[in-house]
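> only geometry, no sequence info:
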């Protein structure tokens, strides 16, 4: 990451402003309006797709050259899926879409007054700008936690977590004393939302089915998986039956569920909590908060304390007629959602569809439409044959929920090859009770960046 | 990599010698002889398997926790296969083999007089030691080349190469002048052996079928793939018909084949050769030499100038009754092979079988057997429907060769899941003329290590 407070950055910015023509990102010159989309998550992807027939030039900028299917990151982290099966090359997604252009770079600053963005590869003018930058892990300013806990929001972070889990088991074999060995074999997941629940479930399955074969020399009863949740129940977004079911499933798998427990400190080994409980672990995974991924340059009043950009019912950013924000990074306050919509893929996809439609309408001199969220429900899986699903007023769990979860996730994955590879892996994992991808390809070292 | 000449290393070695009990790698105490195997390539793997019924304790030490199927690395580098499908967790290979123990660590030194090895995780006594450390890229002391050229001998190196290829295409889009753009789009593979030929073929296929879809804004005619070979023909290990066929296949795919051309210098951009030809490239892949991966501690007389350990016909290292070397790192001089056997998987596997059998025989007070190499032939693939195969006196190419190559490589892969995933990918790539895994997951930066 470039440090944007460094003098080099300042000099670069100066140079960029001084010699704009030299530093522009080259894109084809056309006479139609240019829509710049920052980020190719669920929102950015859906938006660019929805504009394929609109008479605009789309330029998408992303720091990765691939779209990440975030809901399955926890399976990459627990050696169940290869990273390559949940990431999809952006250029391939838009193959044949003539009005689409991708540029691999990191956006450093937005200059709304000049209708311009500044990136690591040059600057770029826009007619319409859409911030679809998503969210990142929120450590709530706890720098100790930030340097010691493992986040899991990107492919690289998931791969780092996979390496760490396996490395610490290799180290456990060599441990000189029992306390150290136990700390190496203890896994604490903080945050009882869907990500935390699914990860804790997958770790418990590793303990039950996979690691005993790999480490016959270790006493696997010493391995602990603890899910720590501030509130009184897990999966608080779901209804009560599902909340209880998920907790039951986790306990059946041997996961300890610590409710009403907030983490107060973690020094890399000792976990302190607000109710006096303590434990030692070298593996603490933080899924207890996210914040919007903000780009410099917007007025501070438009950003709330969770790092989300306040938008109106058209997803427009206050004071900018032609700048939008969608998905996790956007916060649209409505009567039903006084804190903004939930930060999940369906919101991003629906907002993308709306903004796409509205850009099209505006170009045709029509009135833009207002956003109306259609809640499709929620789901989470907790190991084999166990999942909880809510669709409209229906809710169910067990094998049926698990099959529903699988089918829906396969459908949502981008690309047929990825679906096929994920399907092969799932069948294989199910039948063999195994997780095959227990590879330490790049050993994890703290502060190696992501 | 730890610098073994540093004072810290010296202090560690001192500590290890002073407090051996404290620093021993913990392994179960048993009464049977201990066989320590360094490295889980084709040789190490076959040896440990062959000893599964022998009354010994096997301890394998490897710096990776997985076995790499090296013949398919070039497909990882060219976005055709995920790394995870050609790497296989060592612990899983030996699941259920009670006399096998794996320790993840790097061997730093061998002390034959003390029957001991020193590793990054402690030291370890042995009764029998087998060096199966394989080979690494040989830059023949050219440090300029070493720092600027891309090797392709490990999974991480193949992934780095994949990143570099894609990064340079992204950069080509932004290039300010034509010369720079052409250098970004030029790929030079040095070395016309099987690895170089297969890689050059795969790169040519990227040019023909894949990259034009990804980069409609670039003139792909500017992309060049050059295979550079010192000798007068490619695939010198094969017979003449196959050598000619491979060259023809490469040219059909649009690859330039520069024969009788040796690289004399590469400064990161300009390639100089011994016959006056020059070109500019930011992508130079070096497959023109390997050397044995040597561990410190053996007497220098036992190591030849290609870094191979001289062994007798039992694969024993001169002057060490109980230390063996097998595979790429070993050099057994015979009448038929005055420079040692070829550094390929079948030699390693056959030597492993011999050493396994001989350890068994020695424990039963029987005479050890001598090594006799059975040459099974050779093969190389050059893009879809094109391969050259030699089996005994038969040689053939084209579609039949290509199918033979595929079936044999699928059979040789470790693990059913990996075979299935590779098969799915191959079918997919064949039918779609595509390579799906065009992901820059960890951008390549020079001197980031491997």
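All right, it came through fine. Here the structure is a predicted model, which is why all the values come from computation and not from measurement.
> hey, let's count contacts and neighbours off CA atoms from now on
OK.
> Could you give the separation of stretch A:338-355 from the chain centroid?
Its chain's C-alpha centre and that of stretch A:338-355 lie 14 Å apart, by CA atoms, centre = their mean, to the nearest Å.
> Report the buried residues of that stretch.
A:340-341, A:343, A:345-355 (16 or more other CA atoms under 10 Å in any protein chain shown).
> between those, which is nearest chain B?
residue A:345 (21.9 Å; CA to the nearest CA).
> Going by distance to residue A:215, which of the buried residues of stretch A:338-355 wins?
residue A:345 (38.1 Å; CA to CA).
> pLDDT score for that closest one?
At residue A:345, the pLDDT value in this model is 95.
> cool, residue A:420 as well?
pLDDT at residue A:420 comes out at 88.
> Can the helix or strand harbouring it be said to contact chain B?
Taking DSSP states H and E as the criterion, residue A:420 maps to helix A:416-432. Yes. Counting by CA under 8 Å from any CA of the partner chain, chain B is contacted by helix A:416-432 at A:417, A:420, A:421, A:424, A:425, A:428.
> what inclination does that helix have with respect to helix B:416-432?
Interaxial angle of helix A:416-432 relative to helix B:416-432 (axes from the mean of the first three to the mean of the last three CA atoms, to 10 degrees): 160 degrees.
> If you count contacts, what does helix A:416-432 end up packed against?
helix A:398-412, helix B:416-432 (3 or more CA pairs under 8 Å, 6 or more residues apart in numbering or on different chains; DSSP states H and E).
> ok, 10 Å please
strand A:87-89, helix A:398-412, helix B:416-432 (3 or more CA pairs under 10 Å, 6 or more residues apart in numbering or on different chains; DSSP states H and E).
> Which parts of the last one count as buried, going by neighbours?
Of the residues in helix B:416-432, those buried by neighbour count under the rule 16+ other CA under 10 Å are B:417, B:418, B:419, B:420, B:421, B:422, B:423, B:424, B:425, B:426, B:428, B:429.
> so what's residue A:277 scoring on pLDDT?
96.
> again but with residue A:132, I slipped
What the model reports as pLDDT for residue A:132 is 98.
> With the one 3 residues further on instead?
Residue A:135 is assigned a pLDDT of 97 by the prediction.
> now swap in the one 3 residues further on and tell me
You'll see residue A:138 listed with a pLDDT of 97.
> show me where the stretch 1-150 of chain A has helices.
Counting by DSSP state H, counting those that start in this stretch, the stretch 1-150 of chain A has helices at residues A:7-18, A:20-23, A:42-50, A:73-77, A:90-93, A:143-148.
> which ones are touching the residue nearest the centre of chain A?
Centroid check for chain A by CA atoms, centre = their mean gives residue A:153 as the closest residue, at 4.0 Å. Residues in contact with residue A:153 (CA atoms under 10 Å, 6 or more residues apart in numbering or on different chains) are A:68, A:70, A:71, A:73, A:74, A:135, A:136, A:137, A:195, A:286, A:287, A:290.
> do the same with residue A:140
Contacts of residue A:140 by CA under 10 Å, 6+ apart are A:146, A:288, A:289, A:290, A:291, A:306.
> Dump those into a markdown table; add distance to residue A:392 as well.
Output for the contacts of residue A:140, formatted as a markdown table (distance: CA to CA, whole Å):
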| residue | distance to residue A:392 |
| --- | --- |
| A:146 | 37 |
| A:288 | 26 |
| A:289 | 26 |
| A:290 | 26 |
| A:291 | 27 |
| A:306 | 28 |
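> list the contacts for the spatially closest residue to residue A:410 that is not a sequence neighbour?
Spatial nearest neighbour of residue A:410, chain neighbours left out: residue A:419 (5.7 Å); criterion: CA to CA, 6 or more residues apart in numbering or on different chains. Applying CA under 10 Å, 6+ apart to residue A:419 gives the contacts A:85, A:86, A:409, A:410, A:411, A:412, A:413, A:425.
> Next, count neighbours for the fourth one.
Going back to what we said before, that points to residue A:410. When neighbours are counted by other CA atoms under 10 Å in any protein chain shown, residue A:410 registers 17.
> hmm, back to that, what two of the contacts of residue A:140 are the furthest from one another?
The widest separation within the contacts of residue A:140 (CA to CA) is 16.4 Å, between A:146 and A:306.
> ok, residue A:163 to residue B:41 distance?
21 Å (CA to CA, to the nearest Å).
> now residue A:200
Separation of residue A:200 from residue B:41 (CA to CA): 34 Å.
> next one: stretch A:398-413 to chain centre, how far?
19 Å.
> scratch that, stretch A:278-289 is what I was asking about
For stretch A:278-289, the separation from the chain centroid amounts to 18 Å (computed by CA atoms, centre = their mean).
> For it, which residues meet the burial criterion?
A:280, A:281, A:282, A:283, A:284, A:285, A:286, A:287, A:288, A:289.
> got JSON lines for those residues, with distance to chain B too?
Formatted as JSON lines, the buried residues of stretch A:278-289 follow (distance: CA to the nearest CA, whole Å):
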{"residue": "A:280", "distance to chain B": "23"}
{"residue": "A:281", "distance to chain B": "21"}
{"residue": "A:282", "distance to chain B": "18"}
{"residue": "A:283", "distance to chain B": "19"}
{"residue": "A:284", "distance to chain B": "23"}
{"residue": "A:285", "distance to chain B": "21"}
{"residue": "A:286", "distance to chain B": "22"}
{"residue": "A:287", "distance to chain B": "22"}
{"residue": "A:288", "distance to chain B": "25"}
{"residue": "A:289", "distance to chain B": "24"}
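> farthest-separated two in those?
Checked with CA to CA, the buried residues of stretch A:278-289 reach their widest spread between A:280 and A:289, with 22.0 Å between them.
> Pull the distance from the helix or strand where residue A:247 lies to the chain's centre.
Element membership for residue A:247, per DSSP H and E: helix A:240-252. In terms of CA atoms, centre = their mean, the centre of helix A:240-252 is found 24 Å from the chain centre.
> pLDDT on the very next helix or strand once past it, on average?
Counting by DSSP H and E, the next helix or strand C-terminal to helix A:240-252 is strand A:256-258. Mean pLDDT, strand A:256-258: 98.
> Please measure how far the first residue of stretch A:328-340 sits from its last one.
End-to-end for stretch A:328-340, by CA to CA: 10 Å.
> what's the pLDDT at the residue nearest to residue A:288 when sequence neighbours are not counted?
With sequence-adjacent residues excluded and distances taken as CA to CA, 6+ apart, residue A:288 is closest to residue A:191, at 4.0 Å. On the pLDDT scale, residue A:191 is placed at 97.
> what do you get for residue A:88?
For residue A:88, the pLDDT comes out at 94.
> That one and chain B, how far apart?
Going from residue A:88 to chain B by CA to the nearest CA, to the nearest Å gives 7 Å.
> residues touching the closest residue to chain B within the stretch 201-350 of chain A, list them.
Of all residues in the stretch 201-350 of chain A, residue A:214 sits closest to chain B, at 5.4 Å by CA to the nearest CA. Each residue near residue A:214 by CA under 10 Å, 6+ apart is listed here: A:169, A:438, B:89, B:90, B:91, B:92, B:93, B:94, B:95, B:96, B:102.
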